[in-house]
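> Requesting a structural model of the entry that follows:
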Amino acid sequence: MAKSRNEPGAPLDRLVATAKGLAHPARLRLLGMLATGELCVCQLTAVLELAPSTVSQHLAVLARGGLVGERKEGKLVFYRLREDGEAAALLAPLLAQLAGDPRAKADRALIARLRRVPIATLCAAELDLVAIGVRQPAVAAGAG
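Alright, predicted model coming up:
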C-alpha cells in the first residue's frame, strides 16, 4: 500500500516542519544561542526579551522540526540542539552563516555572561538582565 501524501513522518512533511523551524528570526536566534550548549527556557526568554509563552511556542516549532530536544528538571525546561536526525545535518552550515550576524553575536555574548549567573538568581530578578548586571541599561534617546 502506498503512503498517504499527508502521512505524518513522510519525508516531505518532515522537511516542511524543519523549514518552518528555520523560517523566523527569533527561532534562528534561539538556534544560535543553543549552539553554545544547553540552556533553560528562562535564559532564552531573558535574552530574546519576548513573552515566555512566545518563546515556548518558538521552541515547540523547533522541536517539531527535529532541531531541538528538551529535558525537564523540576519546574525548569532545558533545550539543546539535536545532534541526530535529518534536521541536525542542516544545522552546521546554517549556524556557520548565523555566526557572522551582529544580533547572533550579541546573543552569544549575553549568553556567555548569563551562564555565570545561577538560574535561581535570574528567576528572582524576573529575567531582568540589567538587574543582575548582565546587560547595560539602555540609554534614553537624546540623553547625554
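> Secondary structure class of Asp107, three-state.
helix (DSSP: H, G, I helix; E, B strand; the rest coil).
> does it really touch Val47, like I thought?
Yes. With contact defined as C-beta atoms under 8 Å, Asp107 and Val47 form a contacting pair (5.6 Å). Yep, even glycine has a C-beta here, placed from its N, CA and C like the rest.
> how close does the residue nearest in space to the middle of the chain sit to Ala92?
By C-alpha atoms, centre = their mean, the chain has its centre lying nearest to Leu30, at 2.2 Å. Separation of Leu30 from Ala92 (C-beta to C-beta, to the nearest Å): 16 Å.
> can you check Ala109 too?
Here the criterion is C-beta to C-beta. By it, Ala109 lies 22 Å from Ala92.
> And those two? Which one has more around it.
Between Ala109 and Ala92, counted using other C-beta atoms under 10 Å, Ala109 has the larger neighbour count: 13 against 9.
> now that one: how far from Pro102?
11 Å.
> one step back: between Asp107 and Val47, which has more neighbouring residues?
Each of Asp107 and Val47 had its neighbours counted (other C-beta under 10 Å), and the higher figure belongs to Val47 (24 against 20).
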